[in-house]
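Enquirer: I'll drop the sequence and a predicted model, then ask my questions.
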Amino acid sequence: MSGAHFSAAWLRQREPFDSSARDAAARRLQLQARLRALRPPHGSPTRVIDLACGTGANLRWLAPRLGGPQQWLAVDHDAALLRRWPERLGLAPGAAAFGAPLRFSGPGFQAGIVRQQMNLASRLDSLPWHAAHLVTASALLDLVSLDWLQRLVAVATAARAALLFTLSVDGRHIWSPADPLDTAVAGLFGAHQHRDKGFGPALGAGAITACRTLLQAAGYRVFSAASDWRLDGETDARALALQRALVDGIAAAATEQSPASAAALRAWRQRRRALCHTTRLRVGHVDLLALPPGLAG
């Protein structure tokens with residue numbers, strides 16, 4: 001991955017809202033019950049590949065729900081984010097040098113972790129797919145191209161690995177109260193999401209549909225559920241801060257997409273920021289779980 005870069009501060013800011021959204025989706029997906037079917041027999045570890053893992057939020061949420069002994073290969077192009085793992089796992093800073101194994105455990109689970117820096121755009125095929133029981137990624141699919149997604153599905157399904165892709169955007173931004181320019185801004189922002197993020201022309205809000213189609217064609221059973229962010233700027237200071245960050249980011253992307261609309265977009269941004277403390281925003285995401293043929297669950 002080379003075109004999209006996310007700061008550790010942004011990943012930390014969104015994590016509590018990601019977790020709440022994933023909790024709601026997990027109940028609808030019957031996720032824990034279905035994940036239990038992945039566990040190998042006789043206490044052997046469940047082996048997981050975590051793509052574009054950032055600072056480890058996916059593992060921190062998923063490992064307790066997966067349960068039992070686990071082995072994780074956590075892959076990202078950004079070495080600076082990978083170096084944040086010890087502190088984000090509650091370990092002393094520098095507890096393990098970059099590249100050294102880490103351990104993360106809690107009631108009912110123990111996870112051994114290997115971090116690997118890798119450009120997933122060019123080296124996807126080099127991962128140990130046939131060793132994996134589960135391939136997972138969070139907030140990744142909408143950044144990738146159809147060609148890259150086809151490659152990912154091909155190698156993962158050839159290995160008969162299960163797949164869990166969470167927090168893929170679906171294009172919905174529901175503002176309350178509304179602004180007359182919301183729909184136009186959403187259109188420009190959605191168009192910007194199709195730009196190349198390092199994997200070729202990005203799928204954006206069409207990612208989940210494309211992924212479901214590919215996996216069903218491979219004979220997989222596919223389950224999906226909404227995992228929307230719900231941000232109430234009136235009652236939650238963290239939601240207020242995230243709303244403001246989203247308004248700034250959406251306005252910047254829309255302006256880049258349509259420079260001729262810059263004046264109108266500046267006005268939209270000013271109105272939206274002024275209203276954030278009384279605004280409720282719902283940002284649409286989808287979680288997808290896919291199980292290989294013959295797997296119970």
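Expert: Thanks, I have it.
Enquirer: so what's Pro69 bridging to?
Expert: Gln110 (DSSP bridges).
Enquirer: distance of it relative to Val48?
Expert: Here Pro69 is placed at a distance of 11 Å from Val48 (C-beta to C-beta, to the nearest Å). In short, each C-beta sits where N, CA and C put it, glycine included.
Enquirer: which of those two has more residues huddled nearby?
Expert: For Pro69 and Val48, the more surrounded residue by other C-beta atoms under 10 Å is Val48, and the numbers stand at 26 against 16.
Enquirer: looking at this, that one is in a helix?
Expert: No - when classified by DSSP: H, G, I helix; E, B strand; the rest coil, Val48 is found to be strand rather than part of a helix.
Enquirer: so who does it touch?
Expert: Under the criterion of C-beta atoms under 8 Å, 6 or more residues apart in numbering, the contact partners of Val48 comprise Leu59, Leu62, Leu66, Gln70, Gln71, Trp72, Leu73, Ala132, His133, Leu134, Val135, Thr136.
Enquirer: which members of those are positioned in strands?
Expert: Secondary structure defined by DSSP state E assigns Gln70, Gln71, Trp72, Leu73, Leu134, Val135, Thr136 of the contacts of Val48 to strands.
Enquirer: which of those sits closest to Ala274?
Expert: Within the ones in strands among the contacts of Val48, proximity to Ala274 (C-beta to C-beta) peaks at Thr136, which comes in at 39.1 Å.
Enquirer: how far away is the closest one from Leu38?
Expert: Relative to Leu38, and taking C-beta to C-beta, Thr136 is found at 11 Å.
Enquirer: among the contacts of Val48, who's most crowded?
Expert: Counting neighbours by other C-beta under 10 Å, the one among those with the most is Trp72, which has 28 neighbours.
Enquirer: so who does it touch?
Expert: Here Trp72 is in contact with Arg47, Val48, Ile49, Asp50, Leu59, Ala63, Ala111, Gly112, Ile113, Val114 (criterion: C-beta under 8 Å, 6+ apart).
Enquirer: ok, those vs Arg151, which is closest?
Expert: Ile49 (14.2 Å).
Enquirer: now do the contacts for the closest one.
Expert: So, once contact is read as C-beta under 8 Å, 6+ apart, Ile49 ends up touching Trp72, Leu73, Val75, Leu127, Pro128, Trp129, Ala132, Leu134, Val135, Thr136, Ala161.
Enquirer: can I get these in TSV with distance to Phe104?
Expert: Compiled in TSV, the contacts of Ile49 are given as follows (distance: C-beta to C-beta, whole Å):
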residue	distance to Phe104
Trp72	8
Leu73	14
Val75	16
Leu127	21
Pro128	20
Trp129	23
Ala132	18
Leu134	16
Val135	19
Thr136	15
Ala161	21
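Enquirer: nearest to Asp182 among the residues you listed?
Expert: When the contacts of Ile49 are compared for distance to Asp182 (C-beta to C-beta), Thr136 comes out closest, at 32.7 Å.
Enquirer: quick one, what contacts that closest one?
Expert: For Thr136, the contacting residues are Val48, Ile49, Asp50, Leu51, Asn58, Leu62, Leu163, Leu164, Phe165, Thr166, by C-beta under 8 Å, 6+ apart.
Enquirer: in contact with Gly233, which residues?
Expert: The neighbourhood of Gly233, defined by C-beta under 8 Å, 6+ apart, consists of Ala239, Leu240, Gln243, Cys276, His277, Thr278, Thr279, Arg280, Leu281.
Enquirer: most neighbours among those, please name it.
Expert: For the contacts of Gly233, counting by other C-beta under 10 Å, the largest number of neighbours falls to Gln243: 25 neighbours.
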